[in-house]
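1. Below are the sequence and a predicted model; questions follow.
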Amino acid sequence: MVRKFSLLAATAAILAMQATSGLAQDVLNVVTAGDQNMVDYINDFLGPRFEKDHPGVTVRAVGTGPGDAGSLKIFEKLDAQAKAGTEKWDIDVAVVHQRGAAMMMGDKLLAKYRSEISTGKLVTRDTAENALGTNVDGFVMPMFHSQIAIAYNPSVVKDPPKTYAELAKWAADHPKMFGYNGIKGGMSGVGFVMGWVGAFTGEGEKLEKGPYDAALKPKIEAALQQMKPFNANVTMTPGNAGTLDMLNRGEIAMGPVWVDMFYTWRADGKMNPDVKLELIGPGLPGQPMYYVIPAKAASAKLAREFVELATSADVQAEGIVKRFNWYPGIDAQNVETKLDPATWQKLFTDVTPEDLAAKGKPFPLSNYFTDVLETYERVAN
Amino acid sequence: MLLLAPALALLVALFAFPISVSLLSAFSDGGAYSLGNFARSFELYGGDILYSGAVCVGAVVVTDLLAIAIAGYLTLGENPRIVAILRWLYRWPLFIPFIVAGQMMRSFLAKNGLLNNAIVATGAVDPINTFGLLDWRGVIITFIWKQLPFVTLILAGAMASLDRSMIESARNLGAGRLRALIEIVVPQVTGPLIVASVLTFVTLLSVLSVPVMINAGNPTMITVDMAYRITSLGDYGTANALGVISYLMTAAVAWLYLRQGIRSEPKL
């Protein structure tokens, strides 16, 4: 009994110590949505640099999981703390997707900090001001941009499709050789579906820029109805990594992937080196991840300094582009000068900057986004 | 009463309270009473509900048959070496989590996975004619692989405690081992078999990792739909409605379990 009690007491003491250290000023809690590589980036690259400049500060990185789901978890935590009337929130810096940032803006959970950090003026892209139709100007700093493209195996696909229409025809001619992860297995599949709707409604521009018009629903439904025979003829893959796995094993010859993940796998030797990328028309979506600072972050000042370091030209060049193969979050010209031309060009091996400018699209507005997902489940399966 | 209080408090806090909240959320929409979540569940996931039931029932039936075969051999087998090996081998999957089993099966059952590569290597099939089993078949195979030791363990225990004299007399009168198993042994262990089947069904209905990893297409199991409604759309209402539907499915088999319990209760 005594032993049991002392064990309990020890556990309680450890828990209490963890709880207090979590609130102490010298711990910076960075919570990030996204795949494991996001946590790796903070733990292996960014955290140690920040700790070196700020002796006595510990950066603690927590991952909340891939896709919008990860951002949603961060939103739910902040929302709960706001509703509970907590004075100091225990997330100092969060890394979220566009949809997450838009939701947090709606509930006034974010601090306006861009003008307070020196790197704020290094970004002029519209994604720093607009997240799926929500004005986020001043509240976010893009960490990086990523893009979905179609990966294909040239030994099977001699003449890769250039548009969605050509792709649909190719998939019909080659049953089960095209693979994607549906809408429940990660954002590359979701993005592929969004691109499909943009292509076959012909309303891509309206879906991206708004204003939201519910009258577009029948058109969305018609486009997704065309997807039903397409889906019957393709292979469903388990997740973003699942698509790459099946490409490697030769089980599919083509499928949508995240460009950065593709290059990282290739750099790690996990990818068939012959597989190539193609950005098809009228376009596929891409998105930034944002650094945001919660409105009542316990260590707001440290948080601003952390984002300042993370969005400095040096870190963007070395960490974001060179090590992790993402497109930079701040404007490209600020980063390009920090890198040797070969490293910079590696980013654009298969997808040229011109392709990216013409066919790299944002995701649709939040309301359209939800409409597409709901309609997909109803008619496309 | 005082001794009961901690257990009762725990039960209320960790079971009664969450289940009431989830029921309330399933039956309401925007604060008002509504059946909208159920309508949406059946409209979007009706097929998945049937599919989940069918996959779990299918897996339970095959698991039971295989478990009877293994437990039967352990009880009636005459070669002590094979019995010893089987006894040692069959329990292994019991200690492997579902997610690990899912990951193993993913590379084992894929089109160019270990299974097909092995078959192709024997020259029996051309690589072009192979097909992957990463769909409902893969889910059922993984479920069986994972649950077989559990059912066998219960069944072998029950068979071992049977009165051997009946088996011996049947054998003396000329019944083969198979006949002794089917006509003498199995009828005496139907109680434990039903209990093991019910527990297996309930366990399988709640598995998320295996269908997520193995069954990427549609239809899929409702656990995947529930996770999707919550994680991607933040829609707890529909997820809870699907949860209530799965309670009802497990309640139906739990009824079987309880009936069995009452019947086998020792009469005083």
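-> Done, it's in.
2. Could you count how many residues lie near residue 78?
-> No chain in the question, so chain A it is. 27 (other Cβ atoms under 10 Å in any protein chain shown). C-beta here means a position set from N, CA and C on the backbone, and glycine is covered the same way.
3. ah, I was thinking of chain B
-> 8.
4. so who does A:Asp137 touch?
-> Counting by Cβ atoms under 8 Å, 6 or more residues apart in numbering or on different chains, A:Asp137 touches A:Arg114, A:Ala128, A:Glu129, A:Asn130.
5. Pull up the residues of chain A that are close to chain B.
-> A:65, A:67-69, A:72-73, A:75-76, A:181-185, A:231, A:236-239, A:242, A:246, A:249-251, A:370, A:373, A:377-378, A:381 (Cβ under 8 Å from any Cβ of the partner chain).
6. Which ones among these map onto helices?
-> A:Gly67, A:Asp68, A:Ala69, A:Leu72, A:Lys73, A:Phe75, A:Glu76, A:Asn231, A:Gly242, A:Met246, A:Thr370, A:Leu373 (DSSP state H).
7. Whichever residue of the stretch 151-300 of chain A sits closest to chain B: neighbouring residues, count only.
-> In the stretch 151-300 of chain A, no residue comes nearer to chain B than A:Met236, which is 3.5 Å away by Cβ to the nearest Cβ. Around A:Met236 sit 23 other residues, with neighbours defined as other Cβ under 10 Å.
8. And it, what's its pLDDT?
-> Looking at A:Met236, its pLDDT stands at 90.
9. tell me the helices in the stretch 51-200 of chain B, going along the chain?
-> Ranges of helices within the stretch 51-200 of chain B are B:80-89, B:98-109, B:114-121, B:136-160, B:164-172, B:177-179, B:186-188, B:190-205, based on DSSP state H, counting those that start in this stretch.
10. And the first one, how far out from the chain middle?
-> Think helix B:80-89. 25 Å (Cα atoms, centre = their mean, to the nearest Å).
11. swap in the second one?
-> On the basis of Cα atoms, centre = their mean, helix B:98-109 sits 16 Å off its chain's mean C-alpha point.
12. Show me how chain A divides into domains.
-> A:2-145+A:287-346, A:146-286+A:349-380 (automatic domain parsing).
13. Can I get the longest strand along chain A in PDB, CA atoms only?
-> In chain A, with assignment by DSSP state E, the single longest strand is strand A:141-152. Provided in PDB are the C-alpha atoms of strand A:141-152 (Å, rounded to 0.1, in the frame of the first residue of the first chain):
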ATOM      1  CA  MET A 141       3.700  34.600 -42.200                       C
ATOM      2  CA  PRO A 142       4.000  31.800 -44.800                       C
ATOM      3  CA  MET A 143       6.500  29.200 -43.700                       C
ATOM      4  CA  PHE A 144       6.700  27.700 -47.200                       C
ATOM      5  CA  HIS A 145       4.600  27.000 -50.200                       C
ATOM      6  CA  SER A 146       3.900  23.600 -51.500                       C
ATOM      7  CA  GLN A 147       2.300  22.300 -54.700                       C
ATOM      8  CA  ILE A 148       0.500  19.200 -55.900                       C
ATOM      9  CA  ALA A 149       1.700  17.800 -59.300                       C
ATOM     10  CA  ILE A 150       1.100  14.600 -61.200                       C
ATOM     11  CA  ALA A 151       4.000  12.100 -60.800                       C
ATOM     12  CA  TYR A 152       4.300   9.500 -63.600                       C
END
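14. Can you give the distance of stretch A:276-285 from its chain's centre?
-> 17 Å.
15. before we move on, back to that, so what's the residue of the stretch 151-300 of chain A closest to chain B up against?
-> Contacts of A:Met236 (Cβ under 8 Å, 6+ apart): A:Gly179, A:Tyr180, A:Asn181, A:Gly182, A:Gly185, B:Ala216, B:Gly217, B:Asn218.
16. Torsion angles phi and psi at the fourth one?
-> To tie it back to what came earlier, the one meant is A:Gly182. Backbone torsions of A:Gly182, given as degrees, to the nearest 10, read phi 60, psi -150.
17. gap between it and B:Ile245?
-> 22 Å (Cβ to Cβ, to the nearest Å).
18. the more surrounded of those two?
-> A:Gly182 (25 against 20).
19. show me what contacts that one?
-> A:Gly189, A:Met236, B:Ala216, B:Gly217, B:Asn218 are the contacts of A:Gly182 under Cβ under 8 Å, 6+ apart.
20. quick one: contacts of stretch B:58-70?
-> Against stretch B:58-70 from outside (Cβ under 8 Å, 6+ apart): B:86, B:90, B:139-140, B:143-144, B:147-148, B:151-152, B:155-156, B:181, B:186, B:193, B:196-197, B:200-201, B:204.
21. Flag every buried residue along that stretch.
-> B:Gly58, B:Ala59, B:Val60, B:Val62, B:Thr63, B:Asp64, B:Leu66, B:Ala67, B:Ile68, B:Ile70 (16 or more other Cβ atoms under 10 Å in any protein chain shown).
22. from those, which single one is nearest chain A?
-> So of those, ranked by how close each gets to chain A (Cβ to the nearest Cβ), first place is B:Ala59, at 19.4 Å.
23. circling back to that earlier point, which elements pack onto the longest strand of chain A?
-> Under the contact criterion of 3 or more Cβ pairs under 8 Å, 6 or more residues apart in numbering or on different chains; DSSP states H and E, strand A:141-152 touches helix A:187-201, helix A:240-248, strand A:254-258, helix A:259-267, strand A:276-278, strand A:284-292, helix A:300-310, strand A:327-328.
24. what's the farthest-apart pair in the contacts of A:Asp137?
-> Farthest pair in the contacts of A:Asp137 (Cβ to Cβ) is A:Arg114 and A:Asn130. Separation: 13.6 Å.
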